[in-house]
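Student: Sharing a model prediction with you, sequence too.
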Amino acid sequence: MNVGAPRFELPGKWGRINLRSEASIQRSIRRVLDEVTRRRDDLVEPRAELRRRFQKAAELAKEGGATDFYVAFQLVPTIPLPAWVAVFTPEIDSTDFASLGLGELTQFLDRGMSGWGDAEAQVRSTTAGPDDEIHAVRHSWRRVADVVEGDVEQRFEFVEADYWLAARDPNRIALLTFSTALADYEEEMLALFDAIVSTLRWP
């Protein structure tokens, strides 16, 4: 089953990286950096560093099966927002899957998440009307990663959140994976991710 990607609204300024091919990734990164840095001569080094980071993140997302990848820059002009989101729309060829209703899909996701982490870290929500009903289940966690910047290696803590989605007519599932380096603001960032998911539409 090949379905389109879910649609959602992203607050502030984000850039989309097209994961279709290596060439499209390069073009997207170049376009995003042009918009952010305005090709200023004094931003050559930061631009090169951002290109390396975006390239690595996009390649990892593509290798993991993502169909879309978005990078955040700022929430408002004076507030930077180091975050990104990858969209996964798995193709499922199964008559058994097609025969399920949204209720069964919902139970499948809820049961699958029930054994992951603290129940308080999970959010179940339904958005839109009966003709565009989407069920979302969130699982969030923290991870630590070593990031090399030039000759300096730093350790950063990240907050990540998976939102498994189920929708009907046709029955389908998808995954949105959010990540941010603002681990000190975990509660606020999860609230922001929840708000983004609440805008979901999946025609």
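Tutor: That came in fine, so what should we check first?
Student: Please, which helix or strand holds L192?
Tutor: helix 186-197 (DSSP states H and E).
Student: How far off centre is that helix?
Tutor: In terms of CA atoms, centre = their mean, to the nearest Å, the centre of helix 186-197 is found 12 Å from the chain centre.
Student: which helices and strands sit right next to it?
Tutor: Applying 3 or more CB pairs under 8 Å, 6 or more residues apart in numbering; DSSP states H and E, we find helix 186-197 packed against strand 124-127, strand 134-149, strand 152-167, strand 172-180. C-beta: built from backbone N, CA, C; applies to glycine.
Student: how does it look with 6 Å?
Tutor: strand 152-167 (3 or more CB pairs under 6 Å, 6 or more residues apart in numbering; DSSP states H and E).
Student: Just want the angle from the strand it packs on to strand 172-180.
Tutor: Relative orientation of strand 152-167 versus strand 172-180 (axes from the mean of the first three to the mean of the last three CA atoms, to 10 degrees): 150 degrees.
Student: Tell me which residues touch E133, please.
Tutor: Counting by CB atoms under 6 Å, 6 or more residues apart in numbering, E133 makes contact with nothing.
Student: host element of the residue nearest the centre of the chain?
Tutor: Geometric centre of the chain, nearest residue: V85, 2.1 Å, by CA atoms, centre = their mean. Using DSSP H and E, V85 sits within strand 83-88.
Student: What strands line up against that strand, and which way round?
Tutor: strand 68-76 (antiparallel), strand 172-180 (antiparallel) (DSSP bridges).
Student: Mean pLDDT per helix and strand in the protein: which one sits at the bottom?
Tutor: In the chain, the helix or strand scored least confidently by mean pLDDT, DSSP states H and E is strand 124-127, which has a mean of 49.
Student: Now do A72, the pLDDT please.
Tutor: Looking at A72, its pLDDT is 90.
Student: just T89 next, same as before
Tutor: 88.
Student: Surely it touches A5?
Tutor: Yes. Using CB atoms under 6 Å, T89 is in contact with A5, at 5.3 Å.
Student: could the strands paired with strand 83-88 be laid out in TSV, adding mean neighbour count and distance to L33?
Tutor: Below are the strands paired with strand 83-88 laid out as TSV (neighbours: other CB atoms under 10 Å; distance: least, CB to CB, whole Å):
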stretch	mean neighbour count	distance to L33
strand 68-76	18	10
strand 172-180	21	20
